[in-house]
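Undergrad: Here is a sequence together with a model predicted from it:
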Amino acid sequence: MPPAAGIADMAPTEPQRQSPVKVIRAAMVGTIVEYYDFAIYGYMATIIASLFFVSDNDTAALLGTFATFAVAFFLRVPGGIFFGHIGDKYGRKNALSWTILLMALATAAIGFMPTYVTFGVWATTTIALARCLQGFAAGGEIGGANAFVSESAPPRWRATQTSMVNSGAYLGSLVASLVALALTSIFTHEQIVHWAWRVPFVLSLMLGVVGIWIRNSMEDTPQFQELAGRGDTKKIPVKELLSTSGTSLLKIVFLGALIVGGYYIASVYAATYLQTQGGHSSSMAFLSTSLALALGVITLPISGYLADKYGRKPVLFAGSAASVVLGIPMFMLMAGGSVWQAVVGQSALFVAVSVVNGATYVTYAEMLKASVRYSGLALGNNITTMFLGGTAPFIATWLIDATGNSLAPAGYFVFCAVLTLVTVLFLKETKGIELQAD
């Protein structure tokens, strides 16, 4: 054998980038399932309150429903650590396949549960446990999906392609909103309370099966394959993250305030707000939310493209500053009572959040090295989500009840926007850089 040929045979093969369409599709499908599952619980909050959280006080029942909504988010942190460990040590693909399976099973379980009338307090307990499993699974989803896409994308299109993952999150919420709208349009209230409320939860099984099939057809990212090939994966990734990337993790936590807290206020909670404070029907509230989500889906890739063209910081600053300015005026519109006010107010808030969202996760990925990227994205995002996201509908409902001011939730929205805006000022621009190896 000629020497040159022998050398060529021994040279390591560089992992090839997979098709961007396949990568984005595989990442999006999981976020669609995750956000569908989480959102459908929020959109069905008033029905769930009457079936599982029986109380003489409607506000107390709704608070109980949103408290269970919030409990799931506290499980996202241990879920993020667990799946971050799997993703950084054994591969992004392995972790992402398990998250989608657990999420779909937990959501479908809610659809088969007996209600308070037949199962008493155990009904409330079991739905809380199912929500906990949802939260644990979701802890490893969107951070891992963004790590997967960011490591597979070319530098010049990294923000654009990463933003598409979050389009999946919006699409999941949009599908949930449309399903809720269809439910309230097709069935009577009595039919929904009797049996039809179960349909949206059972549908999660179909989404989950499709998602698992798509993800199992993928290979892992080139950067992880190189990392594993060199034997550079860490024994305990989260320990490595905390000891070497603590500052980056802290920035991730605060930078995500608006896309977490603001997101849940402008989408999940807004559907309830339009009914309780705006005087709208549930169908109108879900229609307005669907329109806002559709605009968000359009805004995300535009924001990602602008972040690739002009930089991450200008886009992040513009979106968070707009959110600070628009927060109170748009809530005033939503409480105004007319249809156009509801749609314009909610859509404006959601578009502002989407501008920030389109450039956020790529910034996360560019702040972390490969061996802790999954763990860093998952843990940082889930800490923010635990404190500001899952609690958002509960706090907003409580604020109105405690203050008697229907605009109190706007203060929460603006608070989240300010946290993000201040954090942007301390970021370094990462546009165009190569992702950090170890």
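TA: Ah, there it is.

Undergrad: what ranges do the helices span in the stretch 301-438 of the chain?
TA: For the stretch 301-438 of the chain, applying DSSP state H, counting those that start in this stretch gives helices covering 312-334, 339-366, 373-384, 392-403, 408-424.

Undergrad: Among those helices, which one carries the weakest average confidence?
TA: Lowest mean pLDDT of these: helix 392-403, a mean of 89.

Undergrad: TSV for the helices of the stretch 301-438 of the chain, including distance to residue 246 and mean neighbour count?
TA: Bear in mind the C-beta positions are built from the backbone N, C-alpha and C, glycine included. Conversion of these to TSV gives the following (distance: least, Cβ to Cβ, whole Å; neighbours: other Cβ atoms under 10 Å):
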stretch	distance to residue 246	mean neighbour count
helix 312-334	21	21
helix 339-366	14	25
helix 373-384	10	30
helix 392-403	26	19
helix 408-424	15	22
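
Undergrad: Reformat those as TSV; add distance to residue 302.
TA: TSV is the format used below for the helices of the stretch 301-438 of the chain (distance: least, Cβ to Cβ, whole Å):
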stretch	distance to residue 302
helix 312-334	10
helix 339-366	7
helix 373-384	22
helix 392-403	25
helix 408-424	19
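
Undergrad: Tell me which of these lies nearest to residue 172.
TA: For residue 172, the closest of the helices of the stretch 301-438 of the chain is helix 339-366, at 13.6 Å, according to Cβ to Cβ.

Undergrad: Could you list every helix and strand in contact with that closest one?
TA: Where contact means 3 or more Cβ pairs under 8 Å, 6 or more residues apart in numbering; DSSP states H and E, helix 339-366 is packed against helix 142-152, helix 158-186, helix 246-255, helix 270-276, helix 282-310, helix 312-334, helix 373-384, helix 408-424.

Undergrad: Can you show me the CA trace of the first one as PDB?
TA: Below are the C-alpha coordinates for helix 142-152, written out as PDB (Å, rounded to 0.1, in the frame of the first residue of the first chain):
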ATOM      1  CA  ILE A 142     -35.900  23.300  24.400                       C
ATOM      2  CA  GLY A 143     -32.300  23.900  25.700                       C
ATOM      3  CA  GLY A 144     -31.200  20.600  24.200                       C
ATOM      4  CA  ALA A 145     -33.000  21.300  20.900                       C
ATOM      5  CA  ASN A 146     -31.200  24.600  20.600                       C
ATOM      6  CA  ALA A 147     -27.800  23.100  21.400                       C
ATOM      7  CA  PHE A 148     -28.500  20.500  18.700                       C
ATOM      8  CA  VAL A 149     -29.300  23.100  16.000                       C
ATOM      9  CA  SER A 150     -26.700  25.600  17.000                       C
ATOM     10  CA  GLU A 151     -24.000  22.900  16.700                       C
ATOM     11  CA  SER A 152     -25.300  21.800  13.300                       C
END
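
Undergrad: rewinding a little: any idea which of the helices of the stretch 301-438 of the chain gets closest to residue 33?
TA: Counting by Cβ to Cβ, residue 33 lies closest to helix 373-384 out of the helices of the stretch 301-438 of the chain; the figure is 16.5 Å.
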